[in-house]
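*Asks:* predicted structure and sequence below. I'll ask about it afterward.
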Amino acid sequence: MGGPMRQRLITLRQTIAVGQRFATGPVMGRFLMALREKTILAIRCPSCGRLQSPPREICAPCRVRNTEWVEVGPGGEMRMLEYVYYASPDPLSGETRETPYGAVGILLDGCRDEEVFWHLLNPADLDRVRMGIVIGDRVTRGSRLRPVWADARTGSISDIRYFELDEPPAPA
Amino acid sequence: MARRVGICAVAQTTWERDKWSQRFQGMALEVLEDLLARTGLTFSEDGGIGMSISVSDDIFDARTISDNAMTDVLGAHMGCEEKVAQEGLQALYYGLAAIRSGHVDVVLVLGHCKESQPASRNQVTHMAFDPFYTRPVGLDFTAAAGLQAQAYAARAGVGDRHLAQVVVRARQLATRNLKITGLPVVTAAEVLASPLLADPLRELHAYPVSDGAVGLILAAEERAREITDRPVWIAGVGNCMDSFFLGDRDLASNFPLRQAAARAYRRAGIDHPQNAFDVVELSDQYAYQQPMWMEGLGLVPAGGGGAWIDAGGPEAARVNLSGGMLAGNPLILGGLVRAAEAALQLRGEAGDHQVPGARRALAHGVMGPAGQFHTVAVLERD
Ligand SMILES: [Zn+2]
């Protein structure tokens, strides 16, 4: 039913907000401190050798604590790209981002297989990049990307503004 | 005959005002590693832990379905993981049901919370009220508790002096509980002079802000006897949910707790609860709740809360020897920590506050404004 009924019934608007302050602990905390120094860290599972970035306390499949820290990237190959045409407000900041935006999965140098790092693509590069695809023996290299660091870095994932294309322009 | 279910191991972090050096995944992992070390268990469908049940609060964790961020540290990767967002004692009930169903033999229950993370706990419990009628008029769990305290105190002869006594005792007991850190003892004068939060509740009447995690291993009887030589049996659990709207309830009636207790006692085969328990661990989020919940449990005559405190009842009935919630456990974990403390007593592992030879204990949890939802668990050893 629309029309008159819809006009008669009231809608209520609410915003949910709770101020919060998160402890980061020795694993997430070390990763964030490194970002402040323009360094991307990963953590290696002592059992299977898998790298995680951002690092977490344990390797879930092996059920062991991760122990070895390694520096990865900062450049890498774009493995996944999602064009997103809508922007939900960030529940923590209330901010939205411009659309469309590119959510990218980057295989940072030193990483392999599924060990991709998730971030944003420079909006100016949206139509200039290609995804890397591995299907069995068929390998297509993705675009090379590099991080663009924020000037004022506080120890957050936004210390990297986004990743941008790191290749000479294609010949005309 | 349904299978008996035993608590085989208990672990908890320390409970601190602000665990600034750990995120919540780190706290949970500490508890998991402790439990695995105590039991030698692994995660497997063949004799190992077959199900993980987490307890957490989405708003404290700032993400919805917050257990999804926990599976790694719960060891639940590629396994069965479930979450209880209700008060943590429900997770024990849930684990009991899973094991009695025969689907699994061994269950991990692990709850965590960092109450230090939001600017105020009142902001979080404010969110538990509906956004249209009761949030705009300023209700949260503290204000609701104030209403209940007023209604109850008059009926039970519980005054400011009694409440001070409850707090002083809890803080003293907390010094004997190695898991409680950084909580100063207080004098009755300090409690009586502490600022009012919501008349008659004072600041020192409220459970202190705390961070920490707690976990238990549950197992079917045969398996429990293999894992430990001192299993603690879950003899009966009962719960009861009262109305959400405060205006629908008589806040001083203890109705839902009396129902929850009656269900638990019936299932545990207890006819005379008055003398049935060697240890009682109840969730006293505010000082007035200690005598009030004792009345609701049928362990103190109705309306006799004040006289009970005057007569040294809390000590005689061995209530909250761990310090209780007034020594600082997060709201959502209150009942689960009570079960853990009760189990430690029955296992003879309660350290400086051990009751010699304790055989049967009661653990109580409560959630919702002014005691909306109560859970009572009866625990026993051989
Ligand atoms: Zn691994």
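*Replies:* Ah, there it is.
*Asks:* determine the number of other residues adjacent to residue B:106.
*Replies:* 26 (other C-beta atoms under 10 Å in any protein chain shown). Placement of C-beta: from N, CA and C, glycine included.
*Asks:* for the stretch 51-200 of chain B, give the residue positioned nearest to the ion.
*Replies:* When distances are taken as C-beta to the ion, the stretch 51-200 of chain B reaches nearest to the ion at residue B:77, 10.3 Å away.
*Asks:* what is the burial count for that residue?
*Replies:* Neighbours around residue B:77, by other C-beta under 10 Å: 17.
*Asks:* how about the residues of chain A that lie near chain B?
*Replies:* On the criterion C-beta under 8 Å from any C-beta of the partner chain, chain B has as its neighbours in chain A the residues A:12, A:14, A:16, A:18-28, A:56-58, A:60-61, A:63, A:65, A:92.
*Asks:* which among those residues end up buried?
*Replies:* Among the residues of chain A next to chain B, those buried by neighbour count (16 or more other C-beta atoms under 10 Å in any protein chain shown) are A:18, A:20, A:23-25, A:27-28, A:56-58, A:60, A:63, A:65.
*Asks:* filter the residues you listed down to the ones in strands?
*Replies:* Restricting those to those inside strands, with DSSP state E as the criterion, leaves A:58, A:65.
*Asks:* same list (the buried ones among the residues of chain A next to chain B) but as a markdown table, adding pLDDT.
*Replies:* Below are these laid out as a markdown table (pLDDT from 0 to 100):
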| residue | pLDDT |
| --- | --- |
| A:18 | 85 |
| A:20 | 90 |
| A:23 | 94 |
| A:24 | 95 |
| A:25 | 95 |
| A:27 | 97 |
| A:28 | 97 |
| A:56 | 95 |
| A:57 | 95 |
| A:58 | 95 |
| A:60 | 94 |
| A:63 | 93 |
| A:65 | 96 |
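*Asks:* TSV please, covering the buried ones among the residues of chain A next to chain B and showing distance to residue B:178.
*Replies:* Shown next, in TSV, are those (distance: C-beta to C-beta, whole Å):
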residue	distance to residue B:178
A:18	32
A:20	30
A:23	22
A:24	27
A:25	23
A:27	27
A:28	28
A:56	30
A:57	25
A:58	27
A:60	32
A:63	28
A:65	25
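*Asks:* between the buried ones among the residues of chain A next to chain B, which is nearest residue B:145?
*Replies:* Among those, residue A:18 lies closest to residue B:145 (C-beta to C-beta), at 19.7 Å.
*Asks:* list the contacts for the closest one?
*Replies:* Applying C-beta atoms under 8 Å, 6 or more residues apart in numbering or on different chains, one finds that residue A:18 lies in contact with B:59, B:62, B:118, B:119, B:123, B:124, B:127.
*Asks:* one more time with 7 Å, if that's ok
*Replies:* Shown here is residue A:18, whose contacts under the criterion C-beta atoms under 7 Å, 6 or more residues apart in numbering or on different chains are B:59, B:118, B:123, B:124, B:127.
*Asks:* same deal with residue B:167?
*Replies:* By C-beta under 7 Å, 6+ apart, the contact set of residue B:167 is B:186, B:191, B:204, B:205, B:287, B:326.
*Asks:* can you map out the helices along chain B?
*Replies:* Along chain B, the segments classed as helices by DSSP state H run B:24-39, B:58-61, B:89-100, B:121-126, B:141-156, B:160-174, B:188-193, B:221-227, B:255-268, B:289-296, B:305-310, B:313-316, B:334-347.
*Asks:* indicate which one of those helices is closest to residue B:82.
*Replies:* Between residue B:82 and the helices of chain B, the shortest gap by C-beta to C-beta is with helix B:89-100, which sits at 6.8 Å.
*Asks:* so where's the chain uncertain?
*Replies:* Going with chain A. In the prediction, chain A carries residues with pLDDT under 70 at positions A:1-3, A:91-92, A:170-172.
*Asks:* let's do chain B instead
*Replies:* Along chain B, the parts satisfying pLDDT under 70 run over B:1.
*Asks:* which residue is nearest the centroid of it?
*Replies:* By C-alpha atoms, centre = their mean, the mean C-alpha position of chain B lies nearest to residue B:335, the distance being 1.6 Å.
*Asks:* that residue reaches residue B:375, doesn't it?
*Replies:* Yes. Counting by C-beta atoms under 7 Å, residue B:375 is a contact partner of residue B:335 at 5.7 Å.
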